[in-house]
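Q: One predicted model, sequence on top.
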Amino acid sequence: MKPLNADLHCHSTVSDGLLAPAELVRRAHGNGVELLALTDHDELGGLAEARAMADDLGLRFVDGAEVSISWGDDQTVHIVALGVDPAAAALVEGLHQVRSGRDARAGRMAAELDKVGIHGAYEGALRHAGNPALVSRSHFARYIVEQGHAKDVKSVFDYWLARGKPGYVQHAWATLEDALRWIDGAGGIAVIAHPGRYRLSASERRELFSAFKDLGGRGIEVLSGSHKDDEVREFSRIAREFGFFASRGSDFHGPGESWVDLGRMPDLPEDLTPVWSQLV
Ligand code: AMP
Ligand code: MN
Ligand code: MN
Ligand code: MN
């Protein structure tokens, strides 16, 4: 049987993506995606518009979000929530709290960037984000490129915004416990996003997976736009060992700014159980 073209991780202008929810869905449909989840950072606000367009196009749609959590010693980990009820009170309230820290964090980031000669970054990032509760490092990156300090968004992270760089500030996101409780309470499935992107040792990584599983987490992104072949093999092994459902998501943010376009990834290894077996 032909594998389903599922893309269960992407972003719209409701967080740090470049396309409005309806445009994003249209593009996914044009790319041959058959099952799509919109997973804006700590936000559910784009889901109604995306679902309406998906219904018009006959594209199956999953309500999602990508929840930012803090883990261990100043690590940020992302948990993709799939199949949530966007009206679930604890999830709505929890995400609201997570977003409320972004504005003050942006102010601290801008103060640090100012010291190294990048001026006006708070206002600049806010102009890209449109809303202080949504302002992210991606919006800072776009401003910094615009100001000519870096050639593209990727190199902004390498020089200015990644952990250990001048514009990076520590921040407390949600806890893993809270995020998994909100997702479970909203009837959703929690999936570890892009596990290849965390700077964790192999043993720290296993601690994360164990804690995630113990707290009710059920899935892992085996295929992510940012995963190389060896990472796909590694996280396939992890999925087998921990009994996780396997997910597939591009993490698309916009044309020219992402690793891969919507739906343009290899298929999951055949022996893994796709997370969408639990969603459709
Ligand atoms: P924040 O939630 O404000 O910390 O911003 C994180 C966002 O920055 C991620 O969701 C990505 O969209 C983007 N990002 C993080 N690291 C990189 C990178 N190395 N290259 C490009 N974008 C990145
Ligand atoms: Mn992002
Ligand atoms: Mn992420
Ligand atoms: Mn993402």
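A: Received, thanks. Ligands and ions are numbered 1, 2, ... in the order given.

Q: need the contact list for residue 137.
A: By Cβ atoms under 8 Å, 6 or more residues apart in numbering, the contact set of residue 137 is 109, 157, 161. The C-beta positions use only the backbone N, C-alpha and C, and glycine is treated the same way.

Q: Quick check: phi and psi on the residue nearest the centre of the chain?
A: With distances taken as Cα atoms, centre = their mean, residue 66 lies nearest the centre of the chain, 4.5 Å away. Dihedral pair for residue 66: phi -120, psi 110, per degrees, to the nearest 10.

Q: Next one: it from ligand 4, what distance?
A: To ligand 4, residue 66 is 5 Å away according to Cβ to the ion, to the nearest Å.

Q: In three-state terms, label the closest residue to residue 103 other than its chain neighbours for me.
A: The shortest distance from residue 103 to any non-neighbouring residue, by Cβ to Cβ, 6 or more residues apart in numbering, is to residue 132 (3.9 Å). Here residue 132 is recorded as coil under DSSP: H, G, I helix; E, B strand; the rest coil.

Q: can you give me the strands for the stretch 101-250 of the chain?
A: 189-192, 219-224, 245-249 (DSSP state E, counting those that start in this stretch).

Q: Now mean neighbour count, mean pLDDT and distance to ligand 3 too, for those strands, in JSON lines please.
A: Shown next, in JSON lines, are those (neighbours: other Cβ atoms under 10 Å; pLDDT from 0 to 100; distance: least, Cβ to the ion, whole Å):
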{"stretch": "strand 189-192", "mean neighbour count": "26", "mean pLDDT": "98", "distance to ligand 3": "10"}
{"stretch": "strand 219-224", "mean neighbour count": "27", "mean pLDDT": "98", "distance to ligand 3": "9"}
{"stretch": "strand 245-249", "mean neighbour count": "26", "mean pLDDT": "98", "distance to ligand 3": "10"}
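
Q: got JSON lines for those strands, with distance to ligand 1 too?
A: Shown next, in JSON lines, are these (distance: least, Cβ to the nearest ligand atom, whole Å):
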{"stretch": "strand 189-192", "distance to ligand 1": "15"}
{"stretch": "strand 219-224", "distance to ligand 1": "12"}
{"stretch": "strand 245-249", "distance to ligand 1": "12"}
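
Q: ok so, going back, in helices only, show me the contacts of residue 137.
A: Among these, the members found in helices (DSSP state H) are residue 109.

Q: Which one of the contacts of residue 137 is nearest to residue 212?
A: Closest approach to residue 212 among the contacts of residue 137 (Cβ to Cβ): residue 157, at 25.1 Å.

Q: any idea how far that closest one is from ligand 4?
A: To ligand 4, residue 157 is 14 Å away according to Cβ to the ion.

Q: do the same with residue 171
A: Applying Cβ to the ion, the value for residue 171 to ligand 4 is 17 Å.
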